[in-house]
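# no sequence on hand, only this structure:
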């Protein structure tokens, strides 16, 4: 008999309006009537909703099948009629569903709901798996009895599609009992999936590179994810990688294959600590061997042993403190081990794409796919092709890999963007693209004709040597033995749908690295794809405040930045019958680009008649191949322009543009421009560059700058720049806005903010080390919130986080080099937060009485003192470390603020935001009391 029963019938109430990405702002009309958790099923109860006939909706009963509810059809909704004025964005609706869970005895359940973003049990909110990755679960304790599960559904048009009537959404409930008979410590360590999988696909326990036949592994990094299902912190102390065959595993045959590799954990300070309920990716490196694995008739498998230790509750503070201090940590529990397995994928690299792993910008292990060209050559300046997948596509999917053919001389790299949806190729996904290229360059020495192998004559040292012999499966006869993958600064970028948008994004933000692009079916920006116009909060929000909030995602408005890529060759592709990303998007890109070029027909879209959103030859036809061949030619050069215009909102997300990298804005997050004109004297030997700036405080010339003899910036003249300029750049100019009001040959002042310290808050996901979440030790609720934050970073970005209690963080100096610290709790509860604000007082603070009761929050000269006020803001710790503070005047205020910590793209959260818990639940943006940014001296400005 099962220890639990989940009801097959669910109570559903809806639909109600909601905007794209509005969920975390509250915006639930039912909160006006007490909130769904307090409402009880009633056949007579009606609630207003403009989406349906008659303007009122009631409760309905819906049956589930195999724990899946839906697709749900709201028959009274006027979808077709509503779409006439609003388009498919009106199909972005929300609804609630209530199910009953009966437990026959006290039990802990691994629980997750896919297809939605949140669910509630007994008033506690859990973050769910909206994209259905199936890589995370929550471990929840249930007493014996009856429990309600309240699920907030959102019909996300980007996920479920739009324009088809009726729009329907569904969700699946995963429940699995934890084995209560924990006889051994290893029962507490659960191997979590390391890659996404649907309900019908077996999950993969390991992230490992492919094995290239006759060569060896295509890199030397692996990863395994572990969830702590116990009651005490768990320490990862060691890892060992072996290769075995199935026959050896099943029969323990001594004659079977068993190869052990020298393996090391990838970590900063001491053993990695996993708190109860938390999931963390555990990265490791291993030494490679050259040549084929021993012949075997059995399937080869990876076998990874993870050495762990558990600290009991009486020693948790010492244990976790030792983690960050790097102590030996041998006391308090013997080491035990768990095992993860995975199949060895043997690939013929001469004919197939292969998977390689690498250390990403945050030191986690990620993967990419690579496809070698028909012929390897030694030309180090040839381009590399980069292919960006669409939303929901796993990078190693055969249909995606096969859609782009191998090229004559150029490598093709397929980055992941971290996950199938990633971050719309923004921020963390952009960084992942460039690190995947560096990762391929790093493993070049591990591929033929050079291999890393063991020299037994020197006692087993690992050395890089030339292969003693080569076979037809290591190199082709026509391959150059001194081959090179090409230039990391000379990219041709292709992409489809969300990846097509990503192509535009990379081209306008990092144009100096790109020579040509093929964006297929790429939308302009998220607000134009599924309009933000139908946000519930728009009816309650000051338009000025709305503008400040939207400016926090304006750096991703590709159309705003198109002037940056006028020198890049473009082949925009689209099917004329595309009803997912309509051709209007591509045509708008073309219109704006040609306008910048002052040539009405400079760029023409490649429109394929009769094709829809995707077709098999979107990148595999004569038109595309001719374009790629043309720009892969060593004789093809990027256009040289005598005039240019650099446009940007936030230098933190921009690279070099026309050889110029902006370092600082006069007013951060306001539009900035640099207009440049090259002119020559009568002899055409001396070049003058004249720059006119708008809202630019500092910039530098990069290695991509083509050079000039004289420079004029806003009327200020400079000469002999060649004395300062090197092949890597070196010339920096800053505007002295306080004294001389002139431009000077100097960098940004050390005490001022610049591109390295700009936000907005979502910039935390670009941290080069694990996020550090610091919580008060006085309440278990803060641990629950921390688990939701770390869950989201792992789920959406396969990122890593560490959770520390405030008492531990005070004793630690080792976390200071982690770029982002997230502080949770009221200022009189989190001792580390209280110490930080006292040591480094800024222009945001808390008003307290002598009894340490919080009376209000001050932002500049503005005081917010109402009960239920919450705040989320950035705070400098050092030049390289930033705190993100989530707090309030009381617990209700904190609760409203922490929901706004961005977890997906499109979240309009700037550098500080003040909330009202009483208003934000129902009115969304109408519950935002203030929001804005910090200037270059960390003084807040915005809507107060």
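Received, thanks. None of the values given here were measured: they were computed from a predicted structure.

# can you give me the helices in the stretch 551-700 of the chain?
583-597, 622-632 (DSSP state H, counting those that start in this stretch).

# could you give the separation of the shortest one from the chain centroid?
Taking Cα atoms, centre = their mean, to the nearest Å, one finds the center of helix 622-632 at 31 Å from the center of the full chain.

# follow-up on the earlier one: nearest to residue 485, of the helices of the stretch 551-700 of the chain?
helix 622-632 (13.3 Å; Cβ to Cβ). Any C-beta I mention is one placed from the backbone N, CA and C, and that applies to glycine too.

# quick one: list the elements packing against that closest one.
strand 491-496, strand 514-520 (3 or more Cβ pairs under 8 Å, 6 or more residues apart in numbering; DSSP states H and E).

# nearest to residue 347, of those strands?
strand 491-496 (22.4 Å).

# tell me the strands beside that closest one, with direction?
When pairs are called by DSSP bridges, strand 491-496 turns out to pair with strand 384-388 (parallel), strand 514-520 (parallel).

# columns distance to residue 30 on top of those, output as CSV?
Listed next are the strands paired with strand 491-496 as CSV, based on distance: least, Cβ to Cβ, whole Å:
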stretch, distance to residue 30
strand 384-388, 39
strand 514-520, 41
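
# can you lay out these as TSV showing mean pLDDT?
Listed next are the strands paired with strand 491-496 as TSV, based on pLDDT from 0 to 100:
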stretch	mean pLDDT
strand 384-388	99
strand 514-520	99
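
# of those strands, which approaches residue 376 most closely?
Once these are compared by Cβ to Cβ, strand 384-388 is nearest, at 13.1 Å.

# now do that closest one against helix 622-632, angle only.
140 degrees (axes from the mean of the first three to the mean of the last three Cα atoms, to 10 degrees).

# what residues does strand 384-388 touch?
The contact list for strand 384-388 (Cβ atoms under 8 Å, 6 or more residues apart in numbering) reads 400, 404, 407, 410-415, 417, 425, 433, 437, 485-488, 490-496, 498-500, 502-503, 506, 619, 628.

# ok, 6 Å please
404, 410-414, 425, 486, 491-495, 499, 502-503 (Cβ atoms under 6 Å, 6 or more residues apart in numbering).

# just the helices in the stretch 251-400 of the chain please.
Under DSSP H, counting those that start in this stretch, the stretch 251-400 of the chain gives helices at 316-325, 398-402.

# beta partners of the residue nearest to residue 708 when sequence neighbours are not counted?
Distance criterion Cβ to Cβ, 6 or more residues apart in numbering; nearest residue to residue 708, sequence neighbours excluded, is residue 689 at 4.0 Å. Beta-bridge partners of residue 689, counted by DSSP bridges, are residue 678, residue 711.

# was I right about residue 689 contacting residue 712?
No. The criterion here is Cβ atoms under 6 Å, and residue 689 misses it with residue 712 at 7.3 Å.

# more neighbours, these two?
Neighbour comparison, residue 689 and residue 712: the larger count goes to residue 689, with 24 against 17 (by other Cβ atoms under 10 Å).

# got the contact list for that one?
678, 708, 711 are the contacts of residue 689 under Cβ under 6 Å, 6+ apart.

# change it to 8 Å
676, 677, 678, 708, 710, 711, 712.

# cool, and residue 24?
With contact taken as Cβ under 8 Å, 6+ apart, residue 24 is in contact with 899, 900, 903, 907.

# quick check: the last one vs residue 97, distance?
Read that as residue 907. 24 Å (Cβ to Cβ, to the nearest Å).

# so which of those two has more stuff around it?
Neighbour totals were compared for residue 907 and residue 97, and residue 97 leads with 25 against 20 (other Cβ under 10 Å).

# so residue 22 touches residue 536, yeah?
Yes. Contact criterion Cβ atoms under 8 Å: residue 22 and residue 536 qualify, at 6.5 Å.

# re the thing from before, would you single out the least confident of the helices of the stretch 251-400 of the chain?
Among the helices of the stretch 251-400 of the chain, helix 316-325 carries the lowest mean pLDDT, a mean of 32.

# overlap of the contact sets of residue 22 and residue 536?
Shared contacts of residue 22 and residue 536, counting by Cβ under 8 Å, 6+ apart, come down to residue 924.

# ok so, going back, nearest to residue 163, of the contacts of strand 384-388?
residue 499 (20.9 Å).

# for that closest one, helix, strand, or coil?
helix (DSSP: H, G, I helix; E, B strand; the rest coil).

# for it, give its distance to residue 581.
11 Å.

# need the overlap of contacts for the two.
Joint contacts of residue 499 and residue 581 (Cβ under 8 Å, 6+ apart) are residue 522.

# more crowded one of the two?
residue 499 (30 against 23).

# which residues touch that one?
387, 388, 389, 390, 393, 425, 520, 522.

# per-residue pLDDT, it?
99.

# apart from its chain neighbours, what residue comes closest to it?
Nearest to residue 499 is residue 388, by Cβ to Cβ, 6+ apart, at 3.3 Å.

# which residues does that neighbour bridge with?
residue 495.

# give me the neighbour count for it.
Applying other Cβ under 10 Å, I find that residue 388 has 30 neighbouring residues.

# ok, the one 4 residues further on next?
Applying other Cβ under 10 Å, we find 17 residues neighbouring residue 392.

# same thing with residue 477?
So residue 477, with other Cβ under 10 Å, has 7 neighbours.

# please tell me how far it sits from residue 371.
Residue 477 is 20 Å from residue 371, by Cβ to Cβ.

# lowest confidence element among the helices and strands of the protein?
Counting by mean pLDDT, DSSP states H and E, the chain has its least confident helix or strand at helix 316-325, which shows a mean of 32.

# can you give the domain ranges for the protein?
Following automatic domain parsing, one finds the domains of the chain at 4-179, 182-347, 761-943.

# flag the shaky bits of the stretch 301-450 of the chain, pLDDT-wise.
313-334, 450 (pLDDT under 70).

# which residue ranges form the strands in it?
For the stretch 301-450 of the chain, the strands defined by DSSP state E, counting those that start in this stretch cover 336-343, 346-347, 354-359, 365-371, 384-388, 412-414, 450-455.

# could I get the ones you listed as a markdown table with distance to residue 659?
A markdown table is the format used below for the strands of the stretch 301-450 of the chain (distance: least, Cβ to Cβ, whole Å):
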| stretch | distance to residue 659 |
| --- | --- |
| strand 336-343 | 46 |
| strand 346-347 | 40 |
| strand 354-359 | 28 |
| strand 365-371 | 28 |
| strand 384-388 | 21 |
| strand 412-414 | 25 |
| strand 450-455 | 35 |
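
# figure out which of these is closest to residue 672.
That would be strand 384-388 among the strands of the stretch 301-450 of the chain, by Cβ to Cβ, at 26.6 Å.

# got the angle for that closest one vs strand 365-371?
120 degrees.

# doesn't residue 163 lie inside a strand?
No. Under three-state DSSP, residue 163 falls outside any strand and is assigned coil.

# might one say that it is in contact with residue 88?
Yes. With contact defined as Cβ under 8 Å, residue 163 reaches residue 88; the gap is 4.9 Å.

# neighbour count winner among the two?
residue 88 (19 against 14).

# wait, is that one part of a strand?
No. Assessed with three-state DSSP, residue 88 is helix; it does not lie in a strand.

# how near is it to residue 533?
To residue 533, residue 88 is 12 Å away according to Cβ to Cβ.
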